[in-house]
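A.B. asks: compute the structure for the input listed below.
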Amino acid sequence: MACRISELVLGCREPEVLSRFWCEVLDFVELGREEDGSIEIGPREGFGGAQPTLFLSRREEPEPGKPRLHIDVNATDRDQEEELERLLKLGARPADIGQTGEESWHVLMDPEGNEFCLLKTRLNPL
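C.D. replies: The predicted structure is shown next:
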């Protein structure tokens, strides 16, 4: 195993409303908040556990032609740069969504153009 899904990122207008809803549905707790109003929720053990977290990313409107949900993955048996190289060889392509270059993650597209992110932290394979 080389990657695990660590978070699902959902673009939404009202993270607070969705946070309350999904916390009740999934028995999750709030794990953190961003300055822009985005909220991360997940199991009580937090990020990196057996279940992925749900990151409710504040967006006024969905971007045309872009899904509201994308996957974040973390390497489990190598560092981020080695995993990036492996993913590119498998057919992933870098995606430019306006990053500054200072991010700790890489934005990629799968072979059909679906965006996903490779995060920095290595997780246990479970």
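A.B. asks: any regions of the protein where pLDDT drops low?
C.D. replies: 1, 62 (pLDDT under 70).
A.B. asks: ok, E34 - contacts?
C.D. replies: R58 (CB atoms under 8 Å, 6 or more residues apart in numbering). For every residue, glycine as well, the C-beta is placed using N, CA and C.
A.B. asks: list phi and psi for the residue most central in space within the chain.
C.D. replies: For the chain, the residue nearest the mean C-alpha position is D72 (3.1 Å; CA atoms, centre = their mean). Here is the backbone geometry of D72 (degrees, to the nearest 10): phi -110, psi 140.
A.B. asks: over to P64?
C.D. replies: phi -60, psi 130.
A.B. asks: what's around it, how many residues?
C.D. replies: 5 (other CB atoms under 10 Å).
A.B. asks: could you do L56 as well?
C.D. replies: L56 has 26 nearby residues by other CB under 10 Å.
A.B. asks: centre of the chain to the longest strand seen in the chain, how far?
C.D. replies: If you go by DSSP state E, the chain has its longest strand at strand 3-12. Centroid separation for strand 3-12 versus its chain: 3 Å, with CA atoms, centre = their mean, to the nearest Å.
A.B. asks: also stretch 11-18?
C.D. replies: Counting by CA atoms, centre = their mean, stretch 11-18 comes out at 16 Å from the chain centroid.
A.B. asks: same deal with stretch 94-113?
C.D. replies: On CA atoms, centre = their mean, the centre of stretch 94-113 falls 12 Å from that of its chain.
A.B. asks: so which bits of that stretch are buried?
C.D. replies: Neighbour-count burial for stretch 94-113 flags A95, W105, H106, V107, L108, M109 (criterion: 16 or more other CB atoms under 10 Å).
A.B. asks: pretty sure E7 is touching P52, no?
C.D. replies: Yes - using CB atoms under 8 Å, E7 is in contact with P52, at 5.3 Å.
A.B. asks: before we move on, back to that, so the next helix-or-strand element following the longest strand of the chain versus strand 3-12, what angle?
C.D. replies: Going down the chain from strand 3-12, the next helix or strand is helix 15-26, by DSSP states H and E. Using axes from the mean of the first three to the mean of the last three CA atoms, to 10 degrees, the inter-axis angle of helix 15-26 relative to strand 3-12 is 130 degrees.
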